[in-house]
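1. Predicted model and sequence below, questions to follow.
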Amino acid sequence: MPHLLYGLYERRLAASLPADRAPRHVGVILDGNRRWARSIGKSAATGHQRGADKIAELLGWSEDVGVEVVTLWMLSTDNLQRPPEELADLLAIIEDAVRDLAATRRWRLQAVGSLELLPERTAAALRAAEAATRDVVGLHVNVAVGYGGRREIADAVRSYLRAASAAGASLDEMAESFDVEHIAAHLYTKGQPDPDLVIRTSGEQRLGGFLLWQSAHSEFYFCEAYWPDFRRVDFLRAVRAYAARERRLGR
């Protein structure tokens, strides 16, 4: 009976979402894998694997409500400082996950992050998944691995300076003409809509450096569930909360 009532509630919740209020771009901080594993007496690798197994479900839910872009924060630059054994397991799980997502030919994958900080095997897996899905028409999935928001902004400024210098601009000319749009045009996510909704699981209520530039006008939704326990109903509640908010964007 509880299962039947839950299913009924989930269907009613999905049906209640206004189609014209769906977020175009959803960013998700996949947090809580290790704490989920500890809560059941399992290894961190078990938690990371369970979290990776959840991703395809999330992408399907996103398609169902009309989302166009999903950004998944799978590994931060800070995470690269984790113990070597745990990090090696996590990187292997990420490599397998992106290969599996690419193999479906259902979503277009894009690697966002500082790939030069990653082991070559991991970077190669990300590039291969991106190349294999470049012609896929459908949900665009940014896979943020080796990603840090501060580093992305620094990389964007560096890219702009190099491009302007190559075009013959002097330092004074760059300083005189430099504007926020120059950074936006050199971000990892250039050409994409900024995230309308950012979801973080595990109860933590901070961005931690996720899409710092792009999330200036985002709505935030913090969910108590650890990422491996994140359910469709949790996702639908986040979308409902987003749809109910009045987005004035500073106006």
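-> Great, that's in hand.
2. use CA for all of it now, contacts and neighbours both
-> Will do.
3. remind me which residues of the stretch 1-150 of the chain are low pLDDT?
-> Along the stretch 1-150 of the chain, the model assigns pLDDT under 70 to residues 1-3.
4. which residues in it form strands?
-> Taking DSSP state E, counting those that start in this stretch to define them, one finds strands in the stretch 1-150 of the chain at 25-29, 69-76, 108-112, 140-147.
5. could you check the angle strand 69-76 makes with the first one?
-> By that I understand strand 25-29. Strand 25-29 runs at 20 degrees relative to strand 69-76, counting by axes from the mean of the first three to the mean of the last three CA atoms, to 10 degrees.
6. by contact count, what packs against strand 25-29?
-> Other helices and strands packing on strand 25-29, by 3 or more CA pairs under 8 Å, 6 or more residues apart in numbering; DSSP states H and E, are strand 69-76, strand 197-200.
7. same thing but 10 Å
-> For strand 25-29, the packing partners by 3 or more CA pairs under 10 Å, 6 or more residues apart in numbering; DSSP states H and E come out as helix 44-65, strand 69-76, strand 140-147, strand 197-200, strand 219-222.
8. for the third one, the distance to its chain's centre please.
-> What separates the centre of strand 140-147 from the centre of its chain is 6 Å, taken as CA atoms, centre = their mean, to the nearest Å.
9. Now the helices and strands packed on strand 25-29 in a markdown table, please, with extra columns for distance to residue 122 and mean neighbour count.
-> Listed next are the helices and strands packed on strand 25-29 as a markdown table, based on distance: least, CA to CA, whole Å; neighbours: other CA atoms under 10 Å:
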| stretch | distance to residue 122 | mean neighbour count |
| --- | --- | --- |
| helix 44-65 | 15 | 19 |
| strand 69-76 | 12 | 23 |
| strand 140-147 | 9 | 24 |
| strand 197-200 | 25 | 23 |
| strand 219-222 | 30 | 19 |
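10. who's in contact with the residue nearest to residue 102 when sequence neighbours are not counted?
-> Computed as CA to CA, 6 or more residues apart in numbering, the closest residue to residue 102 that is not its neighbour in sequence is residue 129, at 5.4 Å. With contacts defined as CA atoms under 10 Å, 6 or more residues apart in numbering, residue 129 is in contact with 95, 97-103, 105, 108-111.
11. Please identify which of the residues you listed is nearest to residue 232.
-> When the contacts of residue 129 are compared for distance to residue 232 (CA to CA), residue 101 wins out at 18.9 Å.
12. And for that closest one, the neighbour number?
-> By other CA atoms under 10 Å, the residues close to residue 101 number 19.
13. Start the count at 21 instead of 1 going forward.
-> That works, and once the first residue is 21, the last one we named lands at residue 121.
14. so who does it touch?
-> Residues in contact with residue 121 (CA under 10 Å, 6+ apart) are 75, 76, 79, 127, 128, 129, 149, 153, 161.
15. how about TSV for the strands of the stretch 21-170 of the chain, with distance to residue 202 added?
-> Written out in TSV, the entries for these read as follows (distance: least, CA to CA, whole Å):
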stretch	distance to residue 202
strand 45-49	21
strand 89-96	22
strand 128-132	18
strand 160-167	20
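16. Residue 187 is nearest to which of the ones you listed?
-> strand 128-132 (25.9 Å).
17. ok and the closest one relative to strand 160-167, angle-wise?
-> Between the axis of strand 128-132 and that of strand 160-167 there is an angle of 20 degrees, by the same axes, to 10 degrees.
18. Thanks a lot, see you next time.
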